[in-house]
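In: Return a 3D structure for these sequence lines:
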Amino acid sequence: MDSSNKEHNAGYIQIPQIFYCYATQKPFEECLVCKKKLLESDTPYVIEKAIKKYPTYTAKDVVSEYAICLACNAEMQNSLSEYSKELINTYFNQRVDLMSRRHKMLKEHGPDIDAWLTNCLIYQTPVTDISEYQIYAYCEGSYLVFSAMPFMISGRAIEEIAEQLSPETKEVLDDFIDEHFGLPPELKELLKNRKLIHL
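Out: The predicted structure follows:
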């Protein structure tokens, strides 16, 4: 779909600031893995952000964030163990119908991004009651697309998934952090201990 049609389609909006890169305060410009330019075409990609809030402060920490094109995302998914892929799929399929949610959310809230991210996808816990969570968006070029995403997942759900992943998958995810987040060892450990999951 070209840009002129997207402007008039309720399923598309310009990428909202909540999914901007924290460091630049602008939309992500390239894929974390292959460095493909994301905004210059209709390249499909996913944005993932992990956020931590502090009970006595209004400030939030962006623990990790990145954009990854669908080709690299698929390659990453394929590197996970079959056990872990089946576990993740079963976990979501048993708890939420993403397409039904999409239709319901578009009907009731349209493209109000806050409404899509205000409750945990799995437990419906309000984001105001959650200290750690991850948010996800599917984008094409400079547009966010309302599909199965966007959604927010609480730390509780993330831990449930992470604790059941196979050792092989945990190693793949640790290697992903090592390779793509140029962090000193103590910060790498902190990031790994956040039990991030890649969807």
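In: Restrict whichever helix or strand residue 157 is part of to CA atoms and write it as CSV.
Out: In this assignment (DSSP states H and E), residue 157 forms part of helix 155-162. Written as CSV, here are the backbone C-alpha positions of helix 155-162 (Å, rounded to 0.1, in the frame of the first residue of the first chain):
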residue,chain,number,x,y,z
GLY,A,155,7.1,-8.8,33.2
ARG,A,156,4.9,-11.6,34.8
ALA,A,157,4.1,-13.0,31.4
ILE,A,158,7.6,-12.6,30.1
GLU,A,159,9.0,-14.5,33.1
GLU,A,160,6.5,-17.3,32.6
ILE,A,161,7.7,-17.7,29.0
ALA,A,162,11.4,-17.3,29.7
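In: And it, what does it pack against?
Out: Using 3 or more C-beta pairs under 8 Å, 6 or more residues apart in numbering; DSSP states H and E, the elements in contact with helix 155-162 are helix 82-93, strand 132-140. No exception for glycine: its C-beta is placed from N, CA and C like everyone else's.
In: Return the distance of it from the chain's centre.
Out: 14 Å (C-alpha atoms, centre = their mean, to the nearest Å).
In: How about stretch 24-41, which residues are buried there?
Out: Using 16 or more other C-beta atoms under 10 Å as the test for burial, stretch 24-41 gives 27-28, 30-33, 36, 38-39.
In: Could you identify the most distant pair in these?
Out: Longest distance between any two of the buried residues of stretch 24-41 is 17.5 Å, between 27 and 33; criterion C-beta to C-beta.
In: ranges for the helices of the chain?
Out: 3-6, 70-78, 82-93, 98-109, 113-117, 155-162, 167-180, 185-193 (DSSP state H).
In: And those helices, which one averages the lowest pLDDT?
Out: For the helices of the chain, the stretch scoring lowest in mean pLDDT is helix 185-193; its value is a mean of 47.
In: Among the helices of the chain, which comes closest to residue 20?
Out: helix 113-117 (12.0 Å).
In: picking that back up, output the helices of the chain in TSV, with mean neighbour count and distance to residue 148 appended to each entry.
Out: Formatted as TSV, the helices of the chain follow (neighbours: other C-beta atoms under 10 Å; distance: least, C-beta to C-beta, whole Å):
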stretch	mean neighbour count	distance to residue 148
helix 3-6	12	18
helix 70-78	15	13
helix 82-93	14	9
helix 98-109	12	4
helix 113-117	17	11
helix 155-162	18	15
helix 167-180	15	21
helix 185-193	12	26
